[in-house]
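Asker: Here's a sequence, model it:
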Amino acid sequence: MWLLHDYGNRKVRRMAEDTGLDFTDQIYALEAKYQQALRDLYTHLTPIQRLQIARHPNRPTVLDHILNMTEKWVELHGDRAGYDDPAMVTGLGSIEGRSYLFIGHQKGRNTKENIMRNFAMPTPHGYRKALRMMKYADHHGFPIVTFVDTPGAFADLRSEELGQGEAIAYNLRAMFGLKVPIITVVTGEGGSGGALAIGCANKLLMLENSAFYVASPEACAAILWKSSQAAPKAAEKLRITAQEHYRLRIADGIIPEPLGGAHADPFWASQQIKHAILDAMAELGRMNSEQLLHQRMLKFRYIGGFQEGIQVEPERKRNMKPSEANTPPADLESELANLKKKILEAKGPSDPVTIQVLEKLQEDLDNEMTKAFIAMGLEDKVESLKLELQRTPIPDQPLNKSLQEKADKIMQEFKQKLSQPGAYLGLKQKLYTVNMASRLIELKNKSEKIKTEVNQKIPTTVKAKIDSLKTASEKLRNGDSLDTNLVEEVEKAKKELEDVLRSANLEIVGTRKRTNVAVPPELEEEVAKVNAEIKEEMERAVTRSGLSEKIEELKAEIVKDSNSEKVKELETEIREGIAATLSVTPVKKKVESLREKLASLTKDDAESKVVAENGRW
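Answerer: Below you'll find the model as predicted:
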């Protein structure tokens, strides 16, 4: 656009010279239109466009700003460990008669300079040099001004070997203990910890077209959308602009830039930075050392979501997906109840519903097992064992002793890590669910088999008598009396049915009479209320006795082996612990009162009674 504007101006001026006409008004109109178009363009920039301006090769560097602002300047070198990182510039300078320590990332103007400056990506030596200068300023009482303009710390192998992460972390900690004012100005792009290592300041100021991010939009897009083409979308989601940081109160101020970016008028941009530094120093200069430390701490505590004087919740809630590997069972009882209902309602062992339930359970379990093996660091061992198994000449033959020992060792290590309290709760839940599903299906298959055998052995005559039994039961249910012949027929049918069941190798424990008592709705509500109180009292007893960990341990043991001695010991210990702390006197009175009311409903019927078995109605 600038080239088009310049070309249009020159064309109009040349025409004026050739023809001798006055085109001053047309030139002014073109310039005004150009300025308006420029204002509109730079007023509504997208985040990725602002980042492109921050990365502009002609944008003034840290040394440009320092030389434009200071009356005197001397650069200081070296980390006192034998190396001077050219990507990190440090030195002393004076503004309006006051000395400041300046620290900043230095970019180059061309490829040669950028290579020399390592594209403003410091190594550990650069951060240690910056820390040495900050301690020097703290000792002599110089205010510290840092300039951030880096894609991030240099992440090559050599830097990692020399302690890149440790150097950054040490700077973060040390800056919170400095007793002089610290002002940080983001002049270009600020990338992750490489920028924050000199950015823990009392005041964070950002140029209008600068950016601050934890990961570059290109890297973020490559991770989330598998393509760097989605960088504009990532830049918008990351909220990297100065305007967003100021709105979120991360940045304390936005420094204006000339129209077109800081490179359009570098000196003017530097003067704006100078005025912003002086304004910030006017505020910070009124604080003593303790107040500066406290203000810096409060600033970053606010960024982290904490505010002084407001009580912090013991357990903060965040809208984050919980870790699936350690997710506690959501509602195991209701899940098992639904599973039991599906299996029992299925028509036969090969019913599609049952098969679908089992396949879904097995798929979930396989996924959880894979995640658990990876989390436990057993993935490589399992893969190694698989490769050895593939080399086995005869796959159907039993494992040799060496492979069997390896497999047993892996499973032993897996069970040991799985049994840790509070670990891999999601996997434990699925193992317990699959175990219960297998038992239910086994019981269902047995019941179907017994039912088929019994039906095959019951003669047609006995089936007719069974129908007479059903008829008699319906009459009793309706309150009708039975005649003598029907009573004799019922007794005879019972004996014949018992003989058939014994012939099918089924043991007859006994028979009993059943009577359905019509319970009034108000009494049903009272029963439900008492049941709820019993449940609450049980939960309180568990809390008082401190048996929560024992219950979790019992669940883990049941998953491994529900018939083990340890399961029985834990059940006994939990039962005794609950009984010792359970306050049953108030609840017992209510239960006795309910029994009396239920008994009064059936006092005219001698055969009707309420039986409590094992403490349950």
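
Asker: What strands flank the longest strand seen in the chain, and is each parallel or antiparallel?
Answerer: Ordering each strand of the chain by length in residues (DSSP state E) puts strand 182-191 first. If you go by DSSP bridges, strand 182-191 pairs up with strand 144-150 (parallel), strand 203-207 (parallel), strand 211-213 (parallel).

Asker: After it, which helix or strand is next? Please name it.
Answerer: Downstream of strand 182-191, the first helix or strand assigned by DSSP states H and E is helix 192-196.

Asker: which strands and helices sit next to that next one?
Answerer: Applying 3 or more CB pairs under 8 Å, 6 or more residues apart in numbering; DSSP states H and E, one finds that helix 192-196 makes contact with strand 144-150, helix 164-175. The C-beta positions use only the backbone N, C-alpha and C, and glycine is treated the same way.

Asker: Among these, show me which one is buried the most.
Answerer: Looking across these with neighbours counted as mean count of other CB atoms under 10 Å, the highest average goes to strand 144-150: a mean of 27.

Asker: what mean pLDDT does the next helix-or-strand element following that one have?
Answerer: Once strand 144-150 ends, the next helix or strand along the chain (criterion: DSSP H and E) is helix 157-161. Taken as a whole, helix 157-161 has a mean pLDDT of 92.

Asker: Repeat that for stretch 127-135.
Answerer: On average, stretch 127-135 scores 95.

Asker: what does it contact?
Answerer: Applying CB atoms under 8 Å, 6 or more residues apart in numbering, the contact partners of stretch 127-135 are 76-81, 84-85, 88, 90, 101, 103, 122, 144, 146, 153, 167-168, 170-171, 174-175, 178, 197-198.

Asker: thinking again about what came up before, quick one: the strands paired with strand 182-191 as CSV, columns for mean pLDDT and distance to residue 534 too.
Answerer: Below are these laid out as CSV (pLDDT from 0 to 100; distance: least, CB to CB, whole Å):
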stretch, mean pLDDT, distance to residue 534
strand 144-150, 95, 64
strand 203-207, 95, 59
strand 211-213, 94, 57
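
Asker: The ones you listed: which one's closest to residue 289?
Answerer: strand 144-150 (13.5 Å; CB to CB).

Asker: so the closest one versus helix 164-175, what angle?
Answerer: Orientation check (axes from the mean of the first three to the mean of the last three CA atoms, to 10 degrees): strand 144-150 against helix 164-175 gives 150 degrees.

Asker: tell me the domain boundaries of the protein?
Answerer: 50-302, 331-391+401-444, 460-504, 521-601 (the TED database).

Asker: Residue 222 touches residue 228, doesn't it?
Answerer: Yes. If you go by CB atoms under 8 Å, residue 222 and residue 228 touch, sitting 5.3 Å apart.

Asker: now the closest residue to residue 381 other than its chain neighbours: how far from residue 373?
Answerer: Counting by CB to CB, 6 or more residues apart in numbering, residue 381 lies nearest to residue 410, which is 5.4 Å off, once chain neighbours are set aside. Noted for residue 410: a distance of 9 Å to residue 373, by CB to CB, to the nearest Å.

Asker: could I get the helix or strand containing residue 383 in CSV with only the CA atoms?
Answerer: Per DSSP H and E: residue 383 is located in helix 379-390. C-alpha atoms of helix 379-390 as CSV (Å, rounded to 0.1, in the frame of the first residue of the first chain):
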residue,chain,number,x,y,z
GLU,A,379,5.3,-50.7,27.6
ASP,A,380,8.8,-51.5,26.5
LYS,A,381,8.9,-54.8,28.5
VAL,A,382,5.6,-55.9,27.0
GLU,A,383,6.7,-55.1,23.5
SER,A,384,10.0,-57.0,24.0
LEU,A,385,8.0,-60.0,25.3
LYS,A,386,5.7,-59.8,22.2
LEU,A,387,8.7,-59.9,19.9
GLU,A,388,10.1,-62.9,21.6
LEU,A,389,6.8,-64.7,21.4
GLN,A,390,6.6,-64.0,17.7
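
Asker: after that helix comes which helix or strand?
Answerer: helix 401-418.

Asker: got the angle between the following helix or strand past that next one and helix 401-418?
Answerer: Scanning forward in sequence from helix 401-418 by DSSP H and E, the next helix or strand is helix 425-457. The directions of helix 425-457 and helix 401-418 differ by 110 degrees, with the same axes, to 10 degrees as the criterion.

Asker: Counting by contacts, list what helix 425-457 packs against.
Answerer: Using 3+ CB pairs under 8 Å, 6+ apart, helix 425-457 sits against helix 332-345, helix 352-375, helix 484-503, helix 548-560.

Asker: What degree of burial does residue 109 show, as a neighbour count?
Answerer: For residue 109, the neighbour count with other CB atoms under 10 Å is 14.

Asker: which residues touch it?
Answerer: 57, 58, 61.

Asker: residues touching residue 51, list them.
Answerer: So residue 51 contacts 189, 211, 217, 235, 240 (CB under 8 Å, 6+ apart).

Asker: Kindly list the main-chain dihedrals of residue 79?
Answerer: Dihedral pair for residue 79: phi -100, psi 10, per degrees, to the nearest 10.

Asker: Enumerate every residue touching it.
Answerer: With CB under 8 Å, 6+ apart, residue 79 has these contacts: 85, 125, 126, 128, 129, 132.

Asker: and the fourth one, that's in a helix?
Answerer: It refers to residue 128. Yes. Under DSSP: H, G, I helix; E, B strand; the rest coil, residue 128 sits within a helix.

Asker: Would you double-check that residue 535 falls in a strand?
Answerer: No. Secondary structure of residue 535 (three-state DSSP): helix, not part of a strand.

Asker: Could you report the pLDDT at it?
Answerer: 73.

Asker: distance of it from residue 150?
Answerer: 60 Å.

Asker: these two touch, right, residue 176 and residue 294?
Answerer: No. Using CB under 8 Å, residue 176 is not in contact with residue 294; the gap is 10.8 Å.

Asker: picking that back up, compare neighbour counts for residue 222 and residue 228 and give me the winner.
Answerer: The neighbour comparison of residue 222 against residue 228 (other CB under 10 Å) goes to residue 222, with 17 against 14.

Asker: Sketch out the low-pLDDT regions of the stretch 351-500 of the chain for me.
Answerer: 351-355, 357, 391-399, 420-423, 425, 454-500 (pLDDT under 70).

Asker: oh, I was asking about the stretch 201-350 of the chain
Answerer: By pLDDT under 70, the low-scoring segments of the stretch 201-350 of the chain are 307-350.
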